[in-house]
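[1] structure here, sequence nowhere to be found:
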């Protein structure tokens with residue numbers, strides 16, 4: 001079957017997902033779009049050559065009889081409303097992060113999904129689909145490192161806009177690591193602390209940059225993550241897992257190496273879309289295939305909830321400077 005998909009939010013990531021589904025992936029068709037900016041929605045339909053209807057709002061799109069599944073790529077504060085509406089309509093929904101802007105909102109989605117009696121939500125934590133992280137996961141699960149003891153990681157961006165403020169280092173940037181490490185280690189978090197090194201002169205007045213986030217898991221693994229969003233040199237994701245028997249290092253993105261003008265050099269990516277391009281393809285294809293088969297997998301509403309709880313505690317730790325406890329509720333059997 002061809003999965004008929006409606007896209008709510010046609011900004012950068014929404015248009016990019018629609019392009020991938022239309023031009024690169026199989027089994028899906030964009031039949032409906034909407035955006036708070038209707039002209040933008042129409043322009044995306046034209047640019048991508050879609051045979052899609054432009055709806056006046058997300059609720060109308062979700063209710064459309066010819067929409068089998070929904071992609072929510074709109075502004076974060078609207079996610080909860082649209083995901084809940086999709087669940088109420090019995091339709092599968094792929095929601096970009098955040099699942100909701102509060103842990104309470106994520107809990108509302110979990111309760112609705114459990115009441116519906118089947119998994120309908122996949123959250124857009126694409127790093128689980130990156131080939132490098134998957135190799136790390138296989139090594140950890142296969143016991144090649146012995147027990148994991150520590151994780152050293154970094155999330156660096158060349159720059160951020162003026163609207164980017166200190167808490168966004170957690171909710172917009174670190175959120176991917178918060179999900180990835182839970183998945184890699186098959187573990188939950190126990191505490192968080194945030195410390196601030198000397199501030200870079202390239203950061204504007206409303207953001208403390210860089211930051212170092214330190215996490216402890218229930219099993220005792222210690223994690224340190226450098227978040228540096230004005231590093232200037234490129235988009236750079238680093239991760240080392242230190243185990244009893246060795247260290248697993250996340251592979252660098254493939255790039256051509258030059259020996260030229262007395263230098264040995266490699267290109268450093270500047271764009272997160274290029275760094276995880278293949279992962280976006282794999283996750284969206286998995287969603288389409290799951291909808292067609294009548295059952296989706298991937299990051300769940302519970303994973304979105306766990307990331308939201310941890311993110312809220314990390315923001316609290318930014319403000320307090322203290323080691324803040326993380327209290328994770330017991331996972332429902334529904335998400336086992």
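    Thanks, I have it. Quantities reported herein were computed from a predicted structural model and do not represent experimental measurements. Residues are numbered from 1 along each chain as shown.

[2] doesn't residue 70 lie inside a strand?
    Yes: judged by DSSP: H, G, I helix; E, B strand; the rest coil, residue 70 forms part of a strand.

[3] shouldn't it be in contact with residue 62?
    Yes: using CB atoms under 8 Å, residue 70 is in contact with residue 62, at 5.8 Å. Bear in mind the C-beta positions are built from the backbone N, C-alpha and C, glycine included.

[4] got the buried residues for stretch 125-145?
    Residues 125-130, 132-133, 136-137, 139-140, 145 are the ones in stretch 125-145 that count as buried (16 or more other CB atoms under 10 Å).

[5] picking that back up, now list whatever residues contact both of residue 70 and residue 62.
    6, 8, 82, 86, 91 (CB atoms under 8 Å, 6 or more residues apart in numbering).

[6] which members of those are classed as buried?
    Buried among the shared contacts of residue 70 and residue 62 (16+ other CB under 10 Å): 6, 8, 82, 86, 91.

[7] which other residues reach the strand or helix carrying residue 140?
    Using DSSP states H and E, residue 140 maps to helix 131-141. With CB under 8 Å, 6+ apart as the test, helix 131-141 has contacts from 127-128, 145, 148, 180, 183-186, 239, 241, 243, 248, 250-251, 278-279.

[8] try 7 Å this time
    127, 145, 148, 180, 184, 241, 248, 250-251, 278 (CB atoms under 7 Å, 6 or more residues apart in numbering).

[9] out of those, which sit inside strands?
    If you go by DSSP state E, the contacts of helix 131-141 have 148, 241, 248 in strands.

[10] quick one: buried ones out of those residues?
    Buried among the ones in strands among the contacts of helix 131-141 by 16+ other CB under 10 Å: 148, 241, 248.

[11] and which of the residues you listed is nearest residue 156?
    Nearest to residue 156 among these is residue 241, at 18.6 Å by CB to CB.

[12] any idea how far the closest residue to that closest one other than its chain neighbours lies from residue 326?
    Of all residues not flanking residue 241 in the chain, residue 248 sits nearest, at 4.6 Å (CB to CB, 6 or more residues apart in numbering). As judged by CB to CB, to the nearest Å, residue 248 and residue 326 stand 25 Å apart.

[13] circling back: can you list the buried residues of stretch 125-145 in CSV and add pLDDT and distance to residue 157?
    What follows is these, written out as CSV (pLDDT from 0 to 100; distance: CB to CB, whole Å):
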residue, pLDDT, distance to residue 157
125, 97, 18
126, 96, 16
127, 97, 15
128, 98, 21
129, 98, 21
130, 97, 17
132, 97, 19
133, 98, 19
136, 98, 22
137, 98, 24
139, 97, 27
140, 98, 27
145, 97, 29
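
[14] which one among the residues you listed gets closest to residue 301?
    Of all the buried residues of stretch 125-145, residue 125 has the smallest distance to residue 301: 11.8 Å, by CB to CB.

[15] so that closest one touches residue 98, yeah?
    No: counting by CB atoms under 7 Å, residue 125 does not reach residue 98; the two are 10.3 Å apart.

[16] name the helices or strands packed onto the strand or helix carrying residue 305?
    Element membership for residue 305, per DSSP H and E: helix 301-320. For helix 301-320, the elements it packs on are helix 103-116, strand 121-123, helix 175-185, strand 189-195, strand 324-325, judged by 3 or more CB pairs under 7 Å, 6 or more residues apart in numbering; DSSP states H and E.

[17] of these, give the one that comes closest to residue 55.
    Of all the helices and strands packed on helix 301-320, strand 121-123 comes closest under CB to CB, at 20.8 Å.

[18] that closest one - contacts with which helices or strands?
    Against strand 121-123 (3+ CB pairs under 7 Å, 6+ apart) you get strand 92-95, helix 301-320.

[19] list the strands paired with it, with their directions.
    Sheet pairing of strand 121-123 (DSSP bridges) gives strand 92-95 (parallel).

[20] and the gap between the closest residue to residue 98 other than its chain neighbours and residue 137?
    Spatial nearest neighbour of residue 98, excluding adjacent residues (CB to CB, 6+ apart): residue 76 at 5.3 Å. Separation of residue 76 from residue 137 (CB to CB) stands at 27 Å.

[21] same check, this time on residue 310
    Distance, residue 310 to residue 137, by CB to CB: 19 Å.

[22] close enough to count as contact, residue 296 and residue 118?
    No: judged on CB under 7 Å, residue 296 makes no contact with residue 118 at a distance of 9.4 Å.
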